[in-house]
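Engineer: any chance you can model this:
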Amino acid sequence: MALLKLLIFATVSYLGYHYSSTLFENDRFFSHLSTLEREMTFRTEAGFYYMFYKTIVEAPSFIEGWDLLVNDSGTEYPSHINTLQRFNVYPEVVLGGMFRVFRSVLTSLDMVDSFVQCYGIDRGNDLPRVQSCVGAGELSIFYVNCIFILTGLHVGFLFLMGCHLSDNILGGILAVSAVFFNYGECSRVQWIPPLRESFSCPFILLQMMIVSIMLKSGSSKVKQVSLVLATVCAALPWQFSQFVLFTQTVSLFGSYSLSFLTKHQVSPVLDSIFLGFVIATVCQFLNTMLISSMYVSAYLAFKVVILTNNHVKLSNRILQFSKDAVVFLLVAASYKAGSAWILELSDDAHIFNILRSKFTDYKDFHTLLYTCSKAFDFIEVDVFGSLSLTLLLPTTVAVLARIFFVFGRAAIQGAAPPIPVPEVHPLEENGKKKKGKQASEEKTSDQPGSKEESVSEHSYLTYLVFQFVCYLGMAVIIMRLKLFMTPHMCLLASLVANNFVLPQNEKSRYVIVFLLLGAMSIFGYSNIQDQLSRQGEFNNPQQEKLFDWISRKTAPQAVFAGPMPLTANLRLSTGRYIVNHPHYEDAGMRDRTYLVYQLFSRAPGERVHNSLKSLGVQYAVLDKYWCMKNRPKTGCAIPELWDFVDPENSGKNTFCEEVSSYRHLFDLAYSNPQYRVLKVK
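Structural biologist: Predicted coordinates:
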């Protein structure tokens, strides 16, 4: 059985790799693009992070590349920053180091030509002929292939966790099938590979699987070390991981406080996760945003709750939960506020402002930039409609209803707090194998208290339910976060094959699972066909011409400002210095962007000029799209955002329209149908 599970794991991992890479190639025609075009496909933050990978690879040595990241003077000119502290770029450091080793091996074996093939591409439309190189030895191909391998492992981990939750392979197959049938709602890696979630999510899932195993079968040194390492790998690539760990801690707290899990079950889990997070924080040079994170607040609050319960433990679950919740909230809020005050930290203030803007009429410039993006809007009803057509949503609801019924009845009947039951083979007792008939009789017996014991043995499922509630809330508020909700729904669907959730014999289990798979595939297979039929080709000649001009006509250390998505690619492809970029989690960067985006406001030219000069900007790039006064979503054009922030200039012409009136402040250095470059005097 273990060999079969390993074989299926390898198969679904390969399918995950192949499917995501195929969708990406179909969408971008990536294999036929030039090096510059490939870099331009990595829009906004994707290009920003790829830049650090390129830095490591192109540096004279790995150590010198590391030094360039630790002492970066061109990403936030004129400031010198430690990018390893500020940004989550360890994936790029690792992949850059791997590529350097791989390339050195190929060079020493004289096998470079076997792994890199180059050919000319005629692009038409008066565009020059370009060279395109493919193969594992090509810089960008190596990078995206490594990401797609991680995506394949993500699918493989989903299979393993489905097997773990259902106690059989059928559950794993059901979970993986549901992922492929709903792939568009589960992942964005097939469209934008370099996103932070592409590196972090596989390890978040692995970490969650280890937590479930520890809650189910007890802790051990090997499991704790594995959890520490998985937490490090989950936390380092993505700053948002701290919020995932926060929801995980809250979920464990809910199960513990309602007496479904014991202190002895949750303590090793909590401490292992915290140790992993501490290691990740140290690797990021004690990033203050991590020190003052909501996760650390929740961890400390949970530990205080456990300490108080050593002295005061109420018999009524509801009263106990209420007491614990009050203590938890007070400690967490006190630490969060106190640490932010001591560290003078406001980097994550925008997160609370975004949440505040969701439920009140609060608005500011930065929250409007976020909420005008579709990804940060409330989840669309169509998402749940799509999940219903593939039967994932109805299946999840049915599984949740069953779990609520089982554990709700146990709570109402006053079932005793769970006691971890050691794993004993059904044919063994005291190390001696029993005869088949005796073992069978004991296994099927329904002695008094056996149902209560079964509930206790499966109490770890309450953690998964609380985790889903957190993920659901996150997805409803911010649609982008459905990438947590939907895969978790696939895992919950695997519980259809679990005998505790849905009592059944082996024959009926196979019938139910395959009937469900058949019903899911009706619309699921159609979704797969639709995605595979999507054909596209990247083409952005105006930006290519802009970057060509910048590379030829400006000094290597010229300083640029412009829209965040553009400046990231500008820095990547031309190497010029920039003053603003898409990593918006930093309060200082939000202040910089506020100054730069006056380029698209209705403010007078003198104010725009003073703002740019204060940042040391030499060239400012105007994008025609960003100058537009109207966008599909009302109030979301940049000039409209400024009308809210700067009402005294509302109704005036924009700076884009009036720039020719300020020739004493700006020279027009370059223009094409999409972009204008202003030289700041």
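
Engineer: residue 66: neighbour count?
Structural biologist: Around residue 66 there are 17 other residues, counting by other CB atoms under 10 Å. For the C-beta atoms, the positions are set from N, CA and C on the backbone; glycine is no exception.

Engineer: could you check how far it is from residue 1?
Structural biologist: 45 Å (CB to CB, to the nearest Å).

Engineer: please apply the same query to residue 382.
Structural biologist: As judged by CB to CB, residue 382 and residue 1 stand 41 Å apart.

Engineer: and what of residue 506?
Structural biologist: 14 Å.

Engineer: residue 342: neighbouring residues, count only.
Structural biologist: For residue 342, the count of nearby residues is 11 (other CB under 10 Å).

Engineer: helices of the stretch 351-500 of the chain, residue ranges please.
Structural biologist: 365-371, 381-389, 392-412, 436-444, 450-457, 460-477, 482-493 (DSSP state H, counting those that start in this stretch).

Engineer: buried deepest among those helices, which one?
Structural biologist: Of the helices of the stretch 351-500 of the chain, the one with the most neighbours on average (mean count of other CB atoms under 10 Å) is helix 482-493, at a mean of 25.

Engineer: what residues does that one touch?
Structural biologist: The contact list for helix 482-493 (CB atoms under 8 Å, 6 or more residues apart in numbering) reads 158, 161-162, 165, 174-176, 178-179, 182, 185-188, 197, 201, 205, 244, 379, 383, 387, 392-393, 395-396, 399-400, 464, 467-468, 471-472, 474-475.

Engineer: again with stretch 281-294
Structural biologist: Contacts for stretch 281-294 (CB under 8 Å, 6+ apart): 82, 84-86, 88, 90, 232, 235-236, 239, 242-243, 246, 277, 280, 296, 332, 336, 339-340, 343, 345, 347-348, 585.

Engineer: now, of those residues, which are buried?
Structural biologist: For these, a burial check counting by 16 or more other CB atoms under 10 Å picks out 84-86, 88, 90, 232, 235-236, 239, 242-243, 246, 277, 280, 296, 332, 336, 339-340, 345, 347-348, 585.

Engineer: quick one: which of those sit in helices?
Structural biologist: Within the buried ones among the contacts of stretch 281-294, residues falling in helices by DSSP state H are 84-86, 90, 232, 235, 242-243, 246, 277, 280, 296, 332, 336, 339-340.

Engineer: hmm, residue 149 and residue 21 touching each other?
Structural biologist: No. With contact defined as CB atoms under 8 Å, residue 21 does not count as touching residue 149 (9.2 Å).

Engineer: the two: who's more crowded?
Structural biologist: Neighbour comparison, residue 21 and residue 149: the larger count goes to residue 21, with 21 against 17 (by other CB under 10 Å).

Engineer: how about the nearest residue to that one once chain neighbours are set aside, secondary structure?
Structural biologist: Spatial nearest neighbour of residue 21, excluding adjacent residues (CB to CB, 6 or more residues apart in numbering): residue 148 at 4.4 Å. Of the three states, residue 148 takes helix according to DSSP: H, G, I helix; E, B strand; the rest coil.

Engineer: can you pull the contacts of residue 148?
Structural biologist: Residue 148 sits next to 17, 20-21, 24, 189, 193 when contact means CB under 8 Å, 6+ apart.

Engineer: now the residues you listed in JSON lines, with secondary structure, distance to residue 607 and pLDDT?
Structural biologist: Shown next, in JSON lines, are the contacts of residue 148 (DSSP: H, G, I helix; E, B strand; the rest coil; distance: CB to CB, whole Å; pLDDT from 0 to 100):
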{"residue": "17", "secondary structure": "helix", "distance to residue 607": "51", "pLDDT": "97"}
{"residue": "20", "secondary structure": "helix", "distance to residue 607": "47", "pLDDT": "96"}
{"residue": "21", "secondary structure": "helix", "distance to residue 607": "48", "pLDDT": "96"}
{"residue": "24", "secondary structure": "helix", "distance to residue 607": "43", "pLDDT": "95"}
{"residue": "189", "secondary structure": "coil", "distance to residue 607": "42", "pLDDT": "93"}
{"residue": "193", "secondary structure": "coil", "distance to residue 607": "40", "pLDDT": "94"}
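
Engineer: closest one of the residues you listed to residue 170?
Structural biologist: Taking CB to CB as the measure, residue 170 lies nearest residue 17 of those, at 23.4 Å.
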